[in-house]
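Visitor: Kindly generate the corresponding structure for this input.
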Amino acid sequence: MTTDLKTMAAQALQEVGAVLSALTPDTAERMCNEILKANRIACYGVGREGLMMRALCMRLMHLGLDAHVVGDMTTPPIGKGDLLLVSAGPGAFSTVLALMGVAKEAGARTMVVTAQPTGLAAQQADTVIYLPAQTMADDQGETTSILPMGSLYEAAQLLFFDLVTLILREKTGQSAAEMRARHTNLE
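Guide: Residues are numbered from 1 along each chain as shown. Down below sits the predicted model:
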């Protein structure tokens, strides 16, 4: 493997581009529709996936949607008409599965973003968003990403989520200025 920055960057960008290019045409549309029909959205993920879910939640808030990060002390309960949006790149995490159970019991719908569409979280979700990217579940062997461990999945998530944000902005008839007006001033 080369350690030349430009070569590595070109390969990483090609890999992320390949993930986004492999998405089915309705992937973003299904995600947007589920988000828009929710009264309230609760987002959750673990580790670096959790950071990507927090980034998505922030963009949903910038769109004026009632979105919260699970675990923040100001996150309200969810129930009927709400959506729990989780990430389980490798297929399942114990906390994701537990939260999905709580959400379903409360009457909320569940959506999982994953690289393992037949994984346990996907099997339990109402909606599955499949991002065909390498995660830590499959990062060993002859064909691996130049990016370490699950980073290809997480990088693809960040870009996909911002593209979904642009589609949601269009669907809600908002401008970039309206989103910017919701950005915090406490920095």
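
Visitor: which residues does the residue lying closest to Thr75 once chain neighbours are set aside contact?
Guide: Nearest residue to Thr75 in three dimensions, chain neighbours excluded: His68, at 4.1 Å (C-beta to C-beta, 6 or more residues apart in numbering). Backbone N, C-alpha and C define where each C-beta goes, glycine included. Applying C-beta atoms under 8 Å, 6 or more residues apart in numbering, we find His68 in contact with Arg40, Ile41, Ala42, Cys43, Cys57, Thr74, Thr75, Pro76.

Visitor: where along the protein do the helices fall?
Guide: For the chain, the helices defined by DSSP state H cover 5-21, 27-36, 47-62, 94-105, 120-124, 151-171, 176-181.

Visitor: Would you indicate which residues of the shortest one are buried?
Guide: Spelled out, that is helix 120-124. Within helix 120-124, the residues that count as buried by 16 or more other C-beta atoms under 10 Å are Leu120, Ala121, Ala122, Gln124.

Visitor: Packing partners of that helix?
Guide: In terms of contacts (3 or more C-beta pairs under 8 Å, 6 or more residues apart in numbering; DSSP states H and E), helix 120-124 is packed against helix 94-105, strand 109-114.

Visitor: got it, and the third one?
Guide: Packed against helix 47-62, as judged by 3+ C-beta pairs under 8 Å, 6+ apart, are the following elements: strand 41-44, strand 67-69, strand 83-87, helix 151-171.

Visitor: Over to the longest one?
Guide: Judged by 3+ C-beta pairs under 8 Å, 6+ apart, helix 151-171 is in contact with helix 5-21, helix 27-36, helix 47-62.

Visitor: how far out from the middle of the chain is that helix?
Guide: With C-alpha atoms, centre = their mean, to the nearest Å as the basis, helix 151-171 stands 8 Å off its chain's centre.

Visitor: that older thread, can you tell me which of the helices and strands packed on helix 120-124 is most buried?
Guide: Each of those was scored by mean neighbour count; the highest is strand 109-114, a mean of 26, by mean count of other C-beta atoms under 10 Å.

Visitor: Please identify the pairing partners of it and their relative orientation?
Guide: strand 83-87 (parallel), strand 127-130 (parallel) (DSSP bridges).
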